[in-house]
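A.B. asks: mind looking at a prediction? Sequence and model below.
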Amino acid sequence: GENVEQHPSTLSVQEGDSAVIKCTYSDSASNYFPWYKQELGKRPQLIIDIRSNVGEKKDQRIAVTLNKTAKHFSLHITETQPEDSAVYFCAASVYSSASKIIFGSGTRLSIRP
Amino acid sequence: SQTIHQWPATLVQPVGSPLSLECTVEGTSNPNLYWYRQAAGRGLQLLFYSVGIGQISSEVPQNLSASRPQDRQFILSSKKLLLSDSGFYLCAWSVGLLYGYTFGSGTRLTVV
């Protein structure tokens, strides 16, 4: 089955700097890659996703890149702000009737003022 | 619009007691439904998923079970809780393929 690895497990950046979180996946059939943000004690929420037919997607300060050949994808947050502090999860999904999503282990991002 | 309800929000149960967590979805038909568990400070572990009434797939062996008695209802159960069952339980739904999930607000279970 699919296995998703995520690095780093913790990340601390100065406010205004950029943050990068990287993930790899094992199943070459995976074709949907969402990213979730989870604030303390709350539910994960989808912040951006990318499909295998594109290599990059941007939404304001957030961007994701996908390299299907290498089977890795990354989340980039620019001009970080205090409200970006949270745990971020990458995930991968294989096109199937169940469309179950396998998550990485998470990255705890802290923004230093 | 679609909404997902999950209850209770918090639960403290003694070891060996039964468990029943309920999740319902409104505003959609034939959703895919999922149960995830998140141990403290850890990632999201897929426990069960369902693509239709009575159809349950289990991802990991454990003393938990799931049922889907109605199209938009998903129940997580246990006959006898273990200390290791403590965690944050999240229900989620999706419709169609290649779409992300929407999570419920979660149940924080503490087994004592």
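C.D. replies: Cool, got the structure.

A.B. asks: got the residues of chain A near chain B?
C.D. replies: Applying C-beta under 8 Å from any C-beta of the partner chain, we find that chain A lies next to chain B at A:31-32, A:34, A:36, A:42-46, A:49, A:51, A:89, A:93, A:95-106. Bear in mind the C-beta positions are built from the backbone N, C-alpha and C, glycine included.

A.B. asks: redo that, cut-off 10 Å
C.D. replies: A:1, A:4, A:6, A:9, A:31-36, A:38, A:41-49, A:51-52, A:87, A:89, A:91, A:93-106, A:108 (C-beta under 10 Å from any C-beta of the partner chain).

A.B. asks: which of those are buried?
C.D. replies: For the residues of chain A next to chain B, a neighbour count by 16 or more other C-beta atoms under 10 Å in any protein chain shown gives the buried set as A:4, A:6, A:31-36, A:38, A:43-44, A:47-49, A:52, A:87, A:89, A:91, A:93-94, A:98-106, A:108.

A.B. asks: low pLDDT regions in chain A?
C.D. replies: Residue ranges of chain A with pLDDT under 70: A:95-98.

A.B. asks: ok, now how distant is B:Val112 from chain A?
C.D. replies: 20 Å (C-beta to the nearest C-beta, to the nearest Å).

A.B. asks: so what's that residue up against?
C.D. replies: B:Val112 makes contacts with B:12-15, B:17, B:81, B:83, B:86, as judged by C-beta atoms under 10 Å, 6 or more residues apart in numbering or on different chains.

A.B. asks: same thing but 8 Å
C.D. replies: Going by C-beta atoms under 8 Å, 6 or more residues apart in numbering or on different chains, B:Val112 touches B:12-15.

A.B. asks: same check, this time on B:Tyr36
C.D. replies: B:Tyr36 touches A:103, B:44-47, B:89-92, B:103, counting by C-beta under 8 Å, 6+ apart.

A.B. asks: which residue is nearest the centroid of chain B?
C.D. replies: B:Trp35 (3.2 Å; C-alpha atoms, centre = their mean).

A.B. asks: residues contacting it?
C.D. replies: B:Trp35 touches B:23, B:46-49, B:66, B:74, B:76, B:89-92, counting by C-beta under 8 Å, 6+ apart.

A.B. asks: how about A:Ser18?
C.D. replies: So A:Ser18 contacts A:76-80 (C-beta under 8 Å, 6+ apart).

A.B. asks: from these, list the buried ones, please.
C.D. replies: A:76-77, A:80.

A.B. asks: closest one to A:Gln14 out of these, please.
C.D. replies: Using C-beta to C-beta, A:Thr80 comes nearest to A:Gln14 of the buried ones among the contacts of A:Ser18, at 7.8 Å.

A.B. asks: that closest one contacts A:Pro113, correct?
C.D. replies: No - with contact defined as C-beta atoms under 8 Å, A:Thr80 does not count as touching A:Pro113 (10.7 Å).

A.B. asks: overlap in contacts, the two.
C.D. replies: A:Glu15.

A.B. asks: up against chain A, what does chain B have?
C.D. replies: B:32, B:34, B:36, B:42-44, B:46, B:49, B:51, B:57, B:59, B:90, B:94, B:96-106.

A.B. asks: good, we can wrap up now.
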